[in-house]
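In: A predicted structure for the sequence below; I have some questions about it.
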Amino acid sequence: MTPPRTFPPIAARAHGHSAGGTFTFAYLDGVEKIPDDVERIAFLDSDYAYDATKGHDAKLLRWLGAPTRIVSVSSLIRTTSRCSTARHSSAKPRHVGRSQALLHDLAQKFSFARTDAAGLQTHVALDGRVKFFLRENPTSHPPHAPVEWNGFIHANGFRHARENAGYTYLGPRAYADWIARE
């Protein structure tokens, strides 16, 4: 009988788009602290459930005390309003306001450097372990656009040896060849 094959442990990751971020914050509501095996948390237009009054900031700050932990937040900033006969949408969606609130709260503890290039604000702290990507959205791309523009790949790849290898964050789909054709 051969012994069972063992694999090295895979560090947990919490990634969410849209309501997936709500799931992450609901999980945080139910635990005293973020587990030590979580290495990376990413919000892709999904942090609208962030609430400092529930201790989300304190849990993230405590968790970020370990030098291997990474957080990324990507949000589109709508710079034009979309109208329809049914409703008028705000020029500032909830997730952008929550991204800015989370950024503000973390900036009380960490110093962020900001750069602006081609409609993208990048706020970086902790030697690049915490990054906020706030992108202008003048053409009112749908909220899933950061995912489509390699956001999920980048959420897993930034601060890794393969960062931007075979993809460009906010660039053309790196995975287009693997999408099934009708």
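Out: Structure's in. What do you need? Computed from a predicted structure; not experimentally measured.
In: is it true that Gln121 touches Leu134?
Out: Yes. Contact criterion Cβ atoms under 8 Å: Gln121 and Leu134 qualify, at 4.3 Å. To be clear about C-beta, it is placed using only N, CA and C from the backbone, and glycine gets the same treatment.
In: tell me the SS of Ile34?
Out: With DSSP: H, G, I helix; E, B strand; the rest coil as the basis, Ile34 sits in coil.
In: That one: how many residues sit nearby?
Out: 20 (other Cβ atoms under 10 Å).
In: For burial, what's the neighbour tally of the closest residue to it other than its chain neighbours?
Out: In space, and not counting its chain neighbours, Ile34 is closest to Trp63: 4.0 Å by Cβ to Cβ, 6 or more residues apart in numbering. For Trp63, the count of nearby residues is 17 (other Cβ under 10 Å).
In: quick one: contacts for Trp63?
Out: Taking Cβ atoms under 8 Å, 6 or more residues apart in numbering, we find Trp63 in contact with 33-34, 38, 69.
In: The same query, at a cut-off of 7 Å, please.
Out: Contacts for Trp63 were tallied using Cβ atoms under 7 Å, 6 or more residues apart in numbering; they are 33-34, 69.
In: again, but for Leu170
Out: 120, 135, 149.
In: From Trp178, how far out is it?
Out: Separation of Leu170 from Trp178 (Cβ to Cβ, to the nearest Å) stands at 19 Å.
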